[in-house]
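Enquirer: sharing a sequence plus its predicted fold:
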Amino acid sequence: MRGWMGKLRPVFIFSVLVLFLAGCGEENLSALKPKGYGADLLLDLMVISLAIMTFVFVVVMAIYIFVLIRYRRKKGEENYIPKQTEGNKSLEIIWTVIPVLLLLILAVPTVQATFDLADEKPREEDGSITVEVTGNQYWWHFNYPDQEISTSQDLYIPTGERVYLDMKSSDVIHSFWVPSIAGKMDTNPGDNENTMYLEAYEEGVYWGHCAELCGQSHSLMDFRVVAVSSEEYDQWVSDMQNIDPEATPETASAKDGQKAFENSCMGCHAIGNSPAGVGPNLSNFGNRTKIAGILDHNKENLVDWIMDPDQFKPGNKMEGYNVSEKEAQQIADYLMQLDHSEVTPDSVNGSSGKK
Amino acid sequence: MSERTENVSRHKLNVRKDENKEEMVQQVITFALMILFTLIAFSMVILDISSYFIKPTLLLLAGVQVAFQLFYFMHMKNKGHFMPTIIMFGGMTIALATIITFTTIIWW
Amino acid sequence: MSHDDVLNPKHMPHDPEKATLEGKNKFVGFWMFLGGETVLFASLFGTYLALSGSTSGDNTPENLFGLELVFIMTMLLLTSSLTSVYAMYHMKNHNFKKMQLWLGVTVLLGLGFLGCEIYEFYHYIHEYGFTFRSSAFGSGFYTLVGFHGGHVLFGLFWITSLMIRNQKRGLNLYNAPKFYISSLYWHFIDVVWVFIFTVVYLLGKVG
Amino acid sequence: MSNAIVQQRGIGAMIWDYITTVDHKKIAHLYLVAGGLFFLIGGLEALIIRIQLMQPDSNFISAGLYNEMITMHGTTMIFLAAMPLIFALMNAVVPLQIGARDVAFPFLNSLGFWLFLFGGLLLNVSWFTGGAPDAGWTNYAPLSSTSPGHGVDYYVMGLQIAGAGTLIGGINFLVTIINMRAPGMTYMRMPLFTWTTFITSVLILFAFPALTVGLFLMMFDRMFGSAFFDVTAGGNAIIWEHLFWIFGHPEVYILILPVFGAFSDIFSTFSKKRLFGYSAMVFATVLIGFLGFMVWAHHMFTVGLGPIANSIFAVSTMAIAVPTGIKIFNWLFTMWGGSIKLSVAMLWALGFIPTFTIGGMTGVMLGSAAADYQYHDTYFVVAHFHYVIVGGTVFGLFAAMHYWWPKMFGKVLNEKLGHLGFWPFFIGFHLTFFIQHFLGLMGMPRRYWTYFEGQGLATGNLISTIGAFLMAIGTLIFLYNVIYTAIKEPKASADPWDGRTLEWSLPSAPPFYNFKQTPLVRGLDPLWIEKMEGRKGITPAEPLGDIHMPNGSILPFLMSMGLFIAGFGFIYQVDNKLWFIAVAVGMGLFFASMFTRSFKDDLGYHIHKEDLIEKGDGKE
Ligand code: HEA
Ligand code: HEA
Ligand code: CUA
Ligand SMILES: [Cu+2]
């Protein structure tokens, strides 16, 4: 009997695990805790499919276990020769038709959801927001063509409203994924532009990943979606529109930093409205919660980043400039004070954006 | 190796030669038709016939020519070509799926 | 019995290419191979079609292709298909000399075809600067047509070596299947060409 | 393997024998050893991956090396381990099951093996020459076409050569099964393993050309400046994805169908019952093979093909569950009413059923296009395919090896050690991969070099790593068993399992000419029929006569080596045109060998009737 008891042991372990895991996963990262329309719809679809699969699995396992217990060869049966049955028509029909039906049950909502998520019609409505998303090795650029503002790494959207994304890549294929809000979509190079939409239910800061292998720092190409109320969103937009790229900073160190920045960094980094350049747009860098999507946002890390970005994101494209440690300090002072908006990831209600 | 060399009588041999000749005549006719189709195809393009009509016709002509090649020149119509036929049609099915894909969803 | 025995017509079975197990194996195996080749060329055609619009400058299909040459090439290759049918006809009648003769004609026609193709490529490259690297259309075009040309070249080598190898010893049950499948290969090359002249050149001209 | 005569002739003679052999049984040994070695290498790479992911923010290997590791793990496992091991079984078993003396093209059979081996070696040389390929086993452009260094070039050349070998192998089995069946062995009397080999070969025939073309385009882009995937010159990167998956999806059925066949034989043998629903099983195999070509875009749901294409491919994907379900239920009903013996082979087969069912079900969940927007490129997918590949193909290989080991090597693998090896592997497998479903849904994409503290992913990954080490223990026990059996176990009888098909009518291991007299097949499970009628062996279909055998040849080895050398030339001519010399030398060797082959007739030799009688009937 050891045989099949052994087989049940892992099954038992797994059921405990399932219970344990259902409560797990981070609020702002897990696809199992939807905070937006797409993720919600898809979780429903997953549950339907899981229910069907569970049913199938139970049936298979019931027969399996029964057969194993009942027909295991016993002592003294070594010479017993069972009846050589050829097959059974009705049984074959049963296990063809029932799966077909089960699959139809799954196919209908699948097709519905697929078309639903590709729906572009409401987009023509006035005031619907479009963001141009560009994937780059290894950072994200977001351009709001109607608002004439742009930002990198942090995507701000209003809650309760569909925000349409026009997506492409400047180099290799990436994939834009915010698990708790919507499914993913690839960004392709060339003219192969994709579209999708985000609709966040709750305010919060949601974790985004790049999901298509894109080089060494593929696993470090994180970004954030900052969902805020529509008032806050409008506030943010006007704050962003009013940025003066040339504004002189207050402290002396930051002033020097600005100069150094203009000398060494402007070639790749823009401040103010810009299309996707070589490097991220830094207009609101002071408002970020992460440096380059992954490092804690403080001056120390920023200096380290400027001095040796490759140490944090292997293979990234920030290179070919020369700044001293001191200049880096000053630049850091300059960049940290580029916080032009009251609306920041930290300000978001009930922020799960600590991370 | 089991070479089954038959000892054929002169008479049988002549019958066979006649059969072969008959098939050869068929093949020459096939060839003439193929040349004809080619001429039609080229002249349609040279004469600039309306392009809605021309594309499917060209493809159709090509399809018929290929069928001729396969069934007559390559003898797929003859006995003993069951498996070859299955495989060629299988290959063509996948070929068709591939080409449809590459003309549609590579990008629209 | 050795394979080298020259078999006189009286001893040759009806389908000498399929009279032995080895022959049958070669016959079926080669057809399978052609099934695979179908998919291979379909992938190349697909790629070409997907990229034929990605031209650079004036080097579009309409501007480049000249139908006269393509027509000549088509005639050469179609006729060579018929001559290889003749060769197989004589094989079935156990007339080795005539078979060799017709195979020789086939090879000559094939050479003519290949010559035209080389001229065509040379022409495009030197007159128009249209190369393998100049645009995605160029890459797709040279790859598709070049793969076909490569098949022609290989076919010529194959048939010629068979002719030379067996010149002295004539037809037997060991080499009959080899001749037969090389002619199948030659027909298949023609099949592919029919699609090339239709899809690449004629439809390219139509635009 | 190491039988007494060979040892006397010395190790050099044995190596020469294997390099030149055209005997399908020896080629099976070659495939088994080479595939097994690559499995260990791929497994080692898997262990390194798992160690890196054991804890958050880990720095065990660098990001670049990690990408090389996953790429080589996937590529090695699929092309160099799983497929060759499957070929080992096909070579060892199919000719015996259909009552043939050899395969249709013994020479090509050997060529296929050496092409695979040299292709695999070429691929792995990249580790020592400045970096392995690093764009994933799927090698998506333009990441691959622009990847610096020569890693991806090795991928292209290695797979091109190995792929040619596979294609040749596929055609060989097709013709073998079509033409070489013994009298009475109609299609509908073929054992299921032969059937699945047949369909698998069709899949190989139609799938590999797409890969061949893809690899050529990639080669032209990387080495000769063409613009297929270069968007700045009008190219389109999506072409690669389609070509890869037109090949890639049928490929996964190439991996699973043969073991389906093996399982069918095993279930029926160890239940002492005829396979339930034989014709339905055959039909389901054909249907899976056909549908397998119609679903490839389910790997591309997030590429942006649009809702119509996605829906079509979603539905066709789901359809495959039906024929697969037919198989599962027919296996269950083969056992129903039978007399089930829990041998090690059967144990692996029994482990397969729940495991593969889970993997198949997650496959159907992935097939639900919209939901795949969440699953795609996460550990959910990794979990899915290891459930089907390890839980299906690898379990199947273990089952089949235990089952056919006596036919291949003349000894039965030690059953105690077999049981002992199964459990750690089985438990370890589920520990490793079950939890990955959840990791994926909790937001862990695949091909991630590392993940952060505080994302809730640490525990799951730790469990997963522990499981991988249990699998390693299971593998080591199996290896120990192989050695132990070779030294300690007695010679096996012809029919140790009370088998049903023709291979069990031959001595273990069979003589090099297989059947002294071609057998006469009188129904499904021919040996079983004879046994039930009280006969000892199979009725022969012909009187005893001379047997014609092919000669061995070194040419396949030389041809493959030629391509191997030319491969280096192609890779490095980008840096220095002098490398074209290597191309010329390699291709020269290749063509010279080919011409030798066509200009020098290989007439083979005969074993005379008298010698056959002298040898007795070979049975113990
Ligand atoms: C042996 C290999 C193997 C096998 C057999 C399968 C089988 C299946 N696979 Fe899998 N798959 C892979 C290997 C395999 N796969 C690999 C390697 C990848 C990833 C490649 C990469 O990206 O690197 C992949 C990825 C993959 C994807 C893409 C995921 C993504 O990247 O987003 C999808 C999507 O549809 C999919 C679907 C399926 C389906 C529907 C089956 C079906 O054939 C399964 C059918 C079986 C059953 C369903 C169980 C038994 C049936 C019953 C008991 C009957 C009743 C059942 C129902 C009614 C549901 N697979
Ligand atoms: C046949 C196919 C196959 C097989 C058998 C396996 C087997 C295993 N695989 Fe793999 N896997 C793939 C095919 C396969 N895999 C593919 C195609 C990918 C995708 C790659 C990509 O993204 O491009 C992948 C990716 C993949 C990943 C995801 C990596 C990532 O996305 O970042 C992981 C992670 O856990 C993993 C783990 C494992 C493990 C633990 C095993 C275990 O089952 C392995 C068990 C075997 C051993 C443990 C061997 C033990 C050997 C020894 C102990 C001896 C060593 C000694 C000597 C060499 C002398 N695999
Ligand atoms: Cu960008 Cu991964
Ligand atoms: Cu698939």
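Expert: Great, that's in hand. Numbers count the residues shown, from 1 in each chain, chains lettered A, B, ... in the order given. Ligands and ions are numbered 1, 2, ... in the order given.

Enquirer: I figured D:N414 hits D:I483, correct?
Expert: No: D:N414 lies out of contact with D:I483 (C-beta atoms under 8 Å); the separation is 10.3 Å. Quick note: C-beta positions are derived from backbone N, CA and C, even for glycine.

Enquirer: just the element for residue 326, please.
Expert: Since you didn't name a chain, this refers to chain A. According to DSSP states H and E, A:K326 maps onto helix A:325-336.

Enquirer: um, chain D though
Expert: helix D:321-335.

Enquirer: which residues of chain B score low on pLDDT?
Expert: Confidence mapping of chain B against pLDDT under 70 gives the ranges B:1-10, B:12, B:108.

Enquirer: max-length helix in it?
Expert: helix B:10-46 (DSSP state H).

Enquirer: can you tell me if it touches chain C.
Expert: Yes: under the criterion of C-beta under 8 Å from any C-beta of the partner chain, chain C is reached by helix B:10-46 at B:13, B:16-17, B:20, B:23-24, B:27-28, B:31, B:34-35, B:38, B:41-42, B:45-46.

Enquirer: helix or strand right after that helix?
Expert: In N-to-C order, the element after helix B:10-46 by DSSP H and E is helix B:51-68.

Enquirer: got the buried residues for the helix or strand following that next one?
Expert: Note on helix B:51-68: by DSSP H and E, the next helix or strand toward the C-terminus is helix B:82-104. For helix B:82-104, burial by neighbour count (16 or more other C-beta atoms under 10 Å in any protein chain shown) applies to B:83-84, B:87-88, B:90-95, B:97-99, B:101-102.

Enquirer: pretty sure C:G138 sits against C:I125.
Expert: No: using C-beta under 8 Å, C:G138 is not in contact with C:I125; the gap is 9.7 Å.

Enquirer: common neighbours of the two, please.
Expert: C:T131 (C-beta atoms under 8 Å, 6 or more residues apart in numbering or on different chains).

Enquirer: and these two? which has more neighbours close in?
Expert: Per other C-beta atoms under 10 Å in any protein chain shown, whichever of C:G138 and C:I125 has more neighbours is C:G138, with 26 against 15.

Enquirer: tell me the secondary structure at that one.
Expert: Three-state call for C:G138 (DSSP: H, G, I helix; E, B strand; the rest coil): helix.

Enquirer: ok so, going back, any of the residues of helix B:10-46 next to chain C buried? List them.
Expert: B:13, B:16-17, B:20, B:23-24, B:27, B:31, B:34-35, B:38, B:41-42, B:45.

Enquirer: hang on, the earlier thing: D:N414 and D:I483: which is more packed in?
Expert: D:N414 (19 against 9).

Enquirer: next up, the contacts around that one.
Expert: D:481, D:484-485, D:488-489.

Enquirer: quick one: low-confidence parts of chain C?
Expert: For chain C, residues meeting the criterion pLDDT under 70 lie at C:1-12.

Enquirer: quick one: name the residues of it near ligand 3.
Expert: Residues of chain C found near ligand 3 (C-beta under 6 Å from any ligand atom): none.

Enquirer: nearest residue to whichever residue of chain C sits closest to ligand 2 other than its sequence neighbours?
Expert: Distances between chain C and ligand 2 by C-beta to the nearest ligand atom are smallest at C:S43, namely 22.1 Å. Leaving aside its sequence neighbours, C:S43 sits nearest to D:V213 (C-beta to C-beta, 6 or more residues apart in numbering or on different chains; 3.9 Å).

Enquirer: identify all contacting residues around stretch A:291-301.
Expert: With C-beta under 8 Å, 6+ apart, stretch A:291-301 has contacts from A:138-140, A:153, A:220-224, A:280, A:288-290, A:302, A:305, A:309, A:312-313, A:316, A:329, A:332-333, A:336, D:452.

Enquirer: pick out the residue closest to the middle of chain D.
Expert: D:M83 (1.9 Å; C-alpha atoms, centre = their mean).

Enquirer: just the element for that residue, please.
Expert: D:M83 belongs to helix D:83-97, assigned by DSSP H and E.

Enquirer: same deal with D:G74?
Expert: helix D:63-75.

Enquirer: does chain A sit close to that helix?
Expert: Yes: residues of helix D:63-75 are located near chain A by C-beta under 8 Å from any C-beta, namely D:63-64, D:67.
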